[in-house]
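Novice: Requesting a structural model of the entry that follows:
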Amino acid sequence: MNNKTLSQMLEKAEALCHERGVRLTQQRKAVLQLLCASDKPLSAYELLDRMRGLIKNPAPPTVYRALDFLLEQGLAHKLESLHAYVSCTHPEHSHASQFLICDDCGEVAEIEDPGVTKNLKALGETIGFRTKRPVVEVLGTCGQCIEKSSNPA
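Specialist: Below you'll find the model as predicted:
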């Protein structure tokens, strides 16, 4: 991600937090910046390692509190299958995303199809199950990795 895009994402996050009456502290912003700048999902401990260059003496509780805030505000998502986090591509509205995760390169694509959420809820209701937070993570191979495997160098 280029610096301009990163800067725009952080400005958008600050504006959303201001609108919502919550604070995007330096620690929270640092975690979000790392998530936005990363080309792959990051675990809490990977974030902690990377934060050492941004803030003085980061500690695991700092990272976890920042992640909890970012998740609450819809600025980040937790990928349950990877125990890792990614920044949200459209944090301006509440939504249930679905994720396409490449097994080969680790690329993650966030998609949002309200029909998927609606169908999961309806299917759950048919068996008396109430969905709380539908998590949809599809593991497979991204287009670039498919292309690479079909055209070996």
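
Novice: OK, contacts around the nearest residue to S81 once chain neighbours are set aside?
Specialist: Spatially, and ignoring its direct neighbours in sequence, S81 is nearest to E137 (4.9 Å; CB to CB, 6 or more residues apart in numbering). Placement of C-beta: from N, CA and C, glycine included. Listed by CB atoms under 8 Å, 6 or more residues apart in numbering, the contact set of E137 reads L79, E80, S81, Q98, F99, I101.

Novice: try 10 Å this time
Specialist: By CB atoms under 10 Å, 6 or more residues apart in numbering, the contact set of E137 is H77, L79, E80, S81, L82, S97, Q98, F99, L100, I101, V108.

Novice: Of those residues, select the buried ones using a PyMOL command.
Specialist: Here is the PyMOL command that picks out the buried ones among these, judged by 16 or more other CB atoms under 10 Å:
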select buried, resi 77+79+82+97+98+99+100+101+108
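
Novice: Just the contacts of E137: which are in strands?
Specialist: Within the contacts of E137, residues falling in strands by DSSP state E are H77, L79, Q98, F99, L100, I101, V108.

Novice: Tell me which two of these sit farthest apart.
Specialist: The span of the ones in strands among the contacts of E137, defined through CB to CB, is set by H77 and L100 at 12.8 Å.

Novice: got any residues that touch both of these two?
Specialist: Counting by CB under 10 Å, 6+ apart, the common neighbours of H77 and L100 are V108, E110, E137.

Novice: And the second one, how close does it get to F99?
Specialist: So the one you mean is E110. Relative to F99, E110 is positioned 6 Å away (CB to CB, to the nearest Å).

Novice: Which neighbours do these two have in common?
Specialist: H77, L79, V86.

Novice: quick one: secondary structure of the last one?
Specialist: Translated: V86. On the three-state scheme (DSSP: H, G, I helix; E, B strand; the rest coil), V86 is labelled strand.
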